[in-house]
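Novice: Please work out how this folds:
(one chain, ligands or ions: 2)
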Amino acid sequence: MKFEIKLGAHMPISKGFDKVPEETVNIGGNAFQIFPHNARQWRAKLPDRKVVNLFKRNMKKYGIDYEAAFCHSGYLINLASPKEDVWKKSVDLLEMEVRICAALGIRYLNIHPGSHLGAGIDAGIELIAKGLDEVFKRTENLDVIILLENVAPKGSAIGFKYEQMKRIIDLTSYPDRLGVTYDTCHGFDAGYDIRTPEGVRNLLNEIDEMVGLGRLKMIHLNDSKFPLGAAKDRHEFIGFGHIGVDGFRNFFSFEEVRKVPWILETPGGNEEHAQDIKRVFEILEGVV
Ligand SMILES: [Zn+2]
Ligand SMILES: [Zn+2]
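Specialist: Numbers count the residues shown, from 1 in each chain. Ligands and ions are numbered 1, 2, ... in the order given. Predicted structure coming up:
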């Protein structure tokens, strides 16, 4: 059981991209997610060749599959922004992020679709699709897939239902370059109850009907500090929140869930994530 699962955490890049594969193995993982640059800044640059070579060598050395390696877009990007300058800066930075992923050989870049800031969901969805098309057009020769992450239905955020993802994908000219992520905390915030078999079945059916299950490339594995539908977006350690040990045991029992890499975005750093990875295996093995 242990080796079928791709599991890891969001990892720091403060020591350099090249250190991430080793640190992943050190916390007991075989998958990871990283920011392609400082997530709170508009500035980003391509990694130098030396770092890229070391990174690729370490991916091999520590046995990490590129299908289990992900980048998460920076926090400032908002493709749904009705403010033209923010939208343009978002497109430019997302393009750079795609280029950083391509340089590292990372195939998947996860983004939050965007927030419409009062302009309405329909207007937001149109701007998101337009922004994605611009990025894809500028990076036509690069093999990088953008994953739309489901978000908590908080503020004016778009992308808390897969019907919204479908509309974005349908509007773009590059549907083959789009996939989706399922975040268990955000989903719980939006009312998806993965604690019951029917809840998981309904969720998987919805993803399949709207965008196709083949597009699901990553699961963000987070427990929730708040109850079902609370829309608070507060992540908790696995098994310690409202999804809980039994909830995750139920979720893990689905093959469609087990075959997608799981990335923890739970509180704390590497030490806490190592604990969470241990906890996930205990749940899988029925020890807890
Ligand atoms: Zn996210
Ligand atoms: Zn997430």
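
Novice: Any residues of the stretch 51-200 of the chain in contact with ligand 2? List them.
Specialist: Contact residues, the stretch 51-200 of the chain versus ligand 2 (Cβ under 5 Å from the ion): residue 183. (C-beta placed from N, C-alpha, C; glycine too.)

Novice: Where do the strands of the stretch 51-200 of the chain begin and end?
Specialist: 69-72, 108-111, 114-115, 145-149, 157-158, 178-183 (DSSP state E, counting those that start in this stretch).

Novice: tell me, what residue is most central in the protein?
Specialist: residue 110 (4.6 Å; Cα atoms, centre = their mean).

Novice: Name whatever forms a beta bridge with that residue.
Specialist: residue 72, residue 147 (DSSP bridges).

Novice: how about the strands of the stretch 51-200 of the chain in TSV, adding mean pLDDT?
Specialist: Output for the strands of the stretch 51-200 of the chain, formatted as TSV (pLDDT from 0 to 100):
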stretch	mean pLDDT
strand 69-72	98
strand 108-111	98
strand 114-115	98
strand 145-149	98
strand 157-158	98
strand 178-183	98
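
Novice: before we move on, back to that, pretty sure the residue nearest to the centre of the chain is touching residue 181, no?
Specialist: Yes: look at residue 110 against residue 181 with Cβ atoms under 8 Å: they come within range, at 5.3 Å.

Novice: Identify the contacts common to these two.
Specialist: Common contacts of residue 110 and residue 181 (Cβ atoms under 8 Å, 6 or more residues apart in numbering): 147, 149, 218.

Novice: Can you lay out those as TSV showing distance to residue 186?
Specialist: What follows is those, written out as TSV (distance: Cβ to Cβ, whole Å):
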residue	distance to residue 186
147	13
149	7
218	13
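
Novice: re earlier: want to throw the strands of the stretch 51-200 of the chain into CSV with distance to residue 86?
Specialist: Listed next are these as CSV, based on distance: least, Cβ to Cβ, whole Å:
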stretch, distance to residue 86
strand 69-72, 19
strand 108-111, 15
strand 114-115, 10
strand 145-149, 19
strand 157-158, 15
strand 178-183, 22
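
Novice: Residue 75 versus residue 40, what's the distance?
Specialist: Here the criterion is Cβ to Cβ, to the nearest Å. By it, residue 40 lies 6 Å from residue 75.

Novice: Which of these two has more residues huddled nearby?
Specialist: A direct count of neighbours by other Cβ atoms under 10 Å for residue 40 and residue 75 places residue 75 higher, at 12 against 9.

Novice: Quick check: the gap between that one and ligand 2.
Specialist: Using Cβ to the ion, to the nearest Å, we find residue 75 at a distance of 12 Å from ligand 2.

Novice: ok, now residue 232?
Specialist: In terms of Cβ to the ion, residue 232 sits 14 Å off from ligand 2.

Novice: Quick one: residues contacting that residue.
Specialist: 152, 154, 189, 224-226.

Novice: Buried ones among the shared contacts of residue 110 and residue 181?
Specialist: Those of the shared contacts of residue 110 and residue 181 that meet the buried threshold are 147, 149, 218, by 16 or more other Cβ atoms under 10 Å.

Novice: hmm, back to that, which among the shared contacts of residue 110 and residue 181 gets closest to residue 34?
Specialist: residue 218 (12.8 Å; Cβ to Cβ).

Novice: Who is the closest residue to the closest one other than its chain neighbours paired with across the strands?
Specialist: Distances taken as Cβ to Cβ, 6 or more residues apart in numbering place residue 181 nearest to residue 218, at 4.5 Å, with adjacent residues excluded. When bridges are called by DSSP bridges, residue 181 pairs up with residue 149, residue 218.

Novice: Enumerate every residue touching residue 181.
Specialist: 110, 147-150, 216-220.

Novice: what do you get if the cut-off is 10 Å, keeping everything else the same?
Specialist: 33, 70, 72, 108, 110-112, 147-150, 159, 165, 215-220, 260-261, 263 (Cβ atoms under 10 Å, 6 or more residues apart in numbering).

Novice: swap in residue 142?
Specialist: 95, 98-99, 101-103, 107, 135-136, 177.

Novice: Can you lay out those as CSV showing distance to residue 252 and pLDDT?
Specialist: Listed next are those as CSV, based on distance: Cβ to Cβ, whole Å; pLDDT from 0 to 100:
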residue, distance to residue 252, pLDDT
95, 37, 98
98, 32, 98
99, 36, 98
101, 28, 98
102, 33, 98
103, 34, 98
107, 25, 98
135, 34, 98
136, 34, 98
177, 30, 98
